[in-house]
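Enquirer: Mind looking at a prediction? Sequence and model below.
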Amino acid sequence: MGHLDHAAYGWLTPVLSYVMASIGAALGLRCTVRALAATGSSRRNWLLTAASAIGTGIWTMHFVAMLGFEVTGTEIHYNVPLTILSLLVAVLVVGSGVFAVGYGRNRGRALVLGGLTTGLGVASMHYLGMAALRLHGRITYAPPTVGLSVAIAVVAATAALWAALNIKSPVAVAVASLVMGAAVSSMHYTGMMAVAVRVTPSDHALPGATAMQFIFPLAVGLGSYLFITSAFVALSPTADERAASASAARHLGEQAVPPLPAR
């Protein structure tokens, strides 16, 4: 059995992956809150942004954490198409969850359905990402620990969607995002505890790309997307702010019109 190191760079990758998960959760929750206060195409666009933010944050968290994953006796490469597919799965399934909440008439049923769908999607992204690993050996999983990781993913997703429905203030959203980031990180490392690798030494070159060739540049690009989108959302006015601005403009307009002279 190969020795597994889940933090080859010390606390760097666990902390950075947690930060990325929290940023994605914060951005996704803020966008969902904006969506619930909007109508028409505006609601749809906010929900699409929320799905991309949460899905991208979860994917980036997973693969930043995987930068610190090493197995004694073998290199690790990644199958590029499977890795990209895991990103698409994360965004699409999270999207189905937030749209269920955003457009569901029965909030309770939408929350359960959305949480289950999103949680299973997060778990699918994780294990699809693990299926993309290429190494000299065979990976096996402990089923009870896998089941626990899936349960954590479902609970975390449901809690995040509940927060989007019930928490409005920026401070409360920030706290919920930190909790969500911790839950997603817990799901990841619980899933990694289920992993065992039986190394088969070989001189053959591994297919796929190394983490630094592919995972690192993609994670940096997606992380930049999260930061830029966060800045855009933070600077864009809320529905209440737009309403207050329109009311102030109308009030100023009324004051600017001079009264008609008396006859």
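Expert: The structure has been received and is ready for your questions.

Enquirer: For the rest of this, base every contact and every neighbour count on C-alpha atoms.
Expert: Will do.

Enquirer: The top helix by length along the chain: how far from the chain's middle?
Expert: The longest helix of the chain (DSSP state H) is helix 40-66. Distance of helix 40-66 from the chain centroid (C-alpha atoms, centre = their mean, to the nearest Å) equals 5 Å.

Enquirer: ditto for stretch 185-193
Expert: On C-alpha atoms, centre = their mean, the centre of stretch 185-193 falls 15 Å from that of its chain.

Enquirer: ok, and what's touching it?
Expert: Defining contact as C-alpha atoms under 8 Å, 6 or more residues apart in numbering, one finds that stretch 185-193 is touched by 6, 17-18, 21, 61-62, 126, 145-146, 148-150, 152-153.

Enquirer: Give me the mean pLDDT for it.
Expert: On average, the pLDDT along stretch 185-193 is 92.

Enquirer: Using CSV, list the CA coordinates for that stretch.
Expert: The C-alpha coordinates for stretch 185-193 follow below in CSV (Å, rounded to 0.1, in the frame of the first residue of the first chain):
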residue,chain,number,x,y,z
SER,A,185,-13.8,21.0,3.1
SER,A,186,-15.0,18.4,5.6
MET,A,187,-16.8,16.5,2.8
HIS,A,188,-13.6,16.6,0.7
TYR,A,189,-11.2,15.3,3.4
THR,A,190,-13.8,12.8,4.7
GLY,A,191,-13.9,11.4,1.1
MET,A,192,-10.1,11.4,1.0
MET,A,193,-10.0,9.4,4.2
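
Enquirer: Now the contacts of stretch 185-193 in JSON lines, please, with extra columns for pLDDT, neighbour count and distance to residue 226.
Expert: What follows is the contacts of stretch 185-193, written out as JSON lines (pLDDT from 0 to 100; neighbours: other C-alpha atoms under 10 Å; distance: C-alpha to C-alpha, whole Å):
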{"residue": "6", "pLDDT": "88", "neighbour count": "19", "distance to residue 226": "25"}
{"residue": "17", "pLDDT": "91", "neighbour count": "27", "distance to residue 226": "13"}
{"residue": "18", "pLDDT": "92", "neighbour count": "26", "distance to residue 226": "14"}
{"residue": "21", "pLDDT": "89", "neighbour count": "30", "distance to residue 226": "10"}
{"residue": "61", "pLDDT": "91", "neighbour count": "29", "distance to residue 226": "12"}
{"residue": "62", "pLDDT": "90", "neighbour count": "27", "distance to residue 226": "15"}
{"residue": "126", "pLDDT": "91", "neighbour count": "25", "distance to residue 226": "20"}
{"residue": "145", "pLDDT": "95", "neighbour count": "16", "distance to residue 226": "31"}
{"residue": "146", "pLDDT": "94", "neighbour count": "20", "distance to residue 226": "29"}
{"residue": "148", "pLDDT": "95", "neighbour count": "14", "distance to residue 226": "29"}
{"residue": "149", "pLDDT": "93", "neighbour count": "24", "distance to residue 226": "25"}
{"residue": "150", "pLDDT": "93", "neighbour count": "22", "distance to residue 226": "25"}
{"residue": "152", "pLDDT": "91", "neighbour count": "23", "distance to residue 226": "24"}
{"residue": "153", "pLDDT": "88", "neighbour count": "28", "distance to residue 226": "21"}
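
Enquirer: Now render the residues you listed as JSON lines, adding distance to residue 74 and secondary structure.
Expert: Shown next, in JSON lines, are those (distance: C-alpha to C-alpha, whole Å; DSSP: H, G, I helix; E, B strand; the rest coil):
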{"residue": "6", "distance to residue 74": "15", "secondary structure": "coil"}
{"residue": "17", "distance to residue 74": "24", "secondary structure": "helix"}
{"residue": "18", "distance to residue 74": "27", "secondary structure": "helix"}
{"residue": "21", "distance to residue 74": "29", "secondary structure": "helix"}
{"residue": "61", "distance to residue 74": "24", "secondary structure": "helix"}
{"residue": "62", "distance to residue 74": "21", "secondary structure": "helix"}
{"residue": "126", "distance to residue 74": "21", "secondary structure": "helix"}
{"residue": "145", "distance to residue 74": "24", "secondary structure": "helix"}
{"residue": "146", "distance to residue 74": "24", "secondary structure": "helix"}
{"residue": "148", "distance to residue 74": "28", "secondary structure": "helix"}
{"residue": "149", "distance to residue 74": "26", "secondary structure": "helix"}
{"residue": "150", "distance to residue 74": "28", "secondary structure": "helix"}
{"residue": "152", "distance to residue 74": "30", "secondary structure": "helix"}
{"residue": "153", "distance to residue 74": "30", "secondary structure": "helix"}
